[in-house]
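Enquirer: pasting the sequence and the predicted model now:
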Amino acid sequence: TDVITTAMPPQMLSGALAAPSLVAHVIMENIGKGMPLFRIEDTFAREGTPVDRGTLSRWKKRVGDGFEALVKAMQLHAFATAFCIATDATGVCVQSIYDQDKGRQPCKKGHFLVQVADKDHIFFEYLERETSEKVSKAFFGFGGYVQADAKNVFDVLFADAQTVGARKDAIEPDGCSRKEVGCWFHCRKRYWEAAVAKSPVGREGLARIGRMFELDASW
């Protein structure tokens, strides 16, 4: 009797039995919900389908490697078409790797830089140090409007080529012209503080800003 076997379904990850939905579930639990891999490992074990955290970690890495080209294409599209990129940086604590000689070390400070390109793309980039050089590299090749707060690391984005060339740090002019857009939150909070202090000017400022956003939404 001839034995006919069913063809293998397409594999998302070569050599792995994980379907796209399972990999998406693991990544969402870990990154989207903040669930550590060892807890996800325990959950699989309780459900009778043990998967070790090393395998889960490899799934994450291989998917991330595959999306590198997609993220690059997103960045190229954003820099070519975006009307405005909004940006900011948030400080985070990074746990140091355990050292046998020095023991446990205190957490070091890092930063995540976010770029929101219109309503199309959102990018996060980890920076060991938030410097003008790092910010300039993140926006290299983009010409258009940039919304940022008044922190001095963003000033380099709006400086002319002569000013950038005169700096002592390793910042290369890209020939692009960027226009600074002020941050609405930093503007509005001053009116809010005045309104709380029962200032009629503060209340009027909040009302006018609110009206502008109402009109913008209707348009």
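Expert: Received it, and whenever you're ready, just let me know what you need. Numbering: from 1, shown residues only.

Enquirer: which parts of the one helix or strand in the chain whose mean pLDDT sits lowest are buried?
Expert: Within the chain, no helix or strand scores below helix 161-165, which has a mean of 74 by mean pLDDT, DSSP states H and E. Buried residues in helix 161-165, counting neighbours by 16 or more other C-beta atoms under 10 Å, are found at V164. For glycine as for every other residue, the C-beta is placed from the backbone atoms N, C-alpha and C.

Enquirer: could you verify that A78 is part of a helix?
Expert: Yes: according to DSSP: H, G, I helix; E, B strand; the rest coil, A78 belongs to a helix.

Enquirer: that one contacts A86, doesn't it?
Expert: No: assessed by C-beta atoms under 8 Å, A78 is found out of contact with A86, at 11.6 Å.

Enquirer: now do the shared contacts for these two.
Expert: Here A78 and A86 have Q115 as joint contacts, going by C-beta atoms under 8 Å, 6 or more residues apart in numbering.

Enquirer: what is the longest helix along the chain packed up against?
Expert: Using DSSP state H to define each element, the chain has its longest helix at helix 200-218. Where contact means 3 or more C-beta pairs under 8 Å, 6 or more residues apart in numbering; DSSP states H and E, helix 200-218 is packed against helix 184-196.

Enquirer: flag the shaky bits of this structure, pLDDT-wise.
Expert: Within the chain, no range satisfies pLDDT under 70.

Enquirer: the helices in it, which residues?
Expert: Counting by DSSP H, one finds helices in the chain at the ranges 20-27, 37-46, 53-66, 68-81, 132-138, 161-165, 184-196, 200-218.

Enquirer: any chance of CSV for those helices, columns distance to P10?
Expert: Putting the helices of the chain into CSV (distance: least, C-beta to C-beta, whole Å) gives the following:
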stretch, distance to P10
helix 20-27, 9
helix 37-46, 23
helix 53-66, 14
helix 68-81, 18
helix 132-138, 36
helix 161-165, 49
helix 184-196, 46
helix 200-218, 44
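
Enquirer: highest mean neighbour count out of the ones you listed?
Expert: helix 132-138 (a mean of 18; mean count of other C-beta atoms under 10 Å).

Enquirer: what sits up against it?
Expert: 87, 89, 113, 115, 125, 127, 152-157, 164, 167, 169-172.

Enquirer: so what's L127 up against?
Expert: By C-beta under 8 Å, 6+ apart, L127 lies in contact with 89, 110-113, 134.

Enquirer: looking at these, which is nearest A69?
Expert: Checking the contacts of L127 against A69 with C-beta to C-beta, the nearest one is L113 at 21.0 Å.

Enquirer: got the contact list for the residue positioned nearest the centre of the chain?
Expert: Centroid-nearest residue in the chain: F124, 1.7 Å away (criterion: C-alpha atoms, centre = their mean). Neighbouring residues of F124 by C-beta under 8 Å, 6+ apart: 112-114.

Enquirer: those residues in strands, which ones?
Expert: 112-114 (DSSP state E).

Enquirer: select only the buried ones of these in ChimeraX?
Expert: Command for ChimeraX that selects the buried part of the ones in strands among the contacts of F124, burial taken from 16+ other C-beta under 10 Å:
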select :113
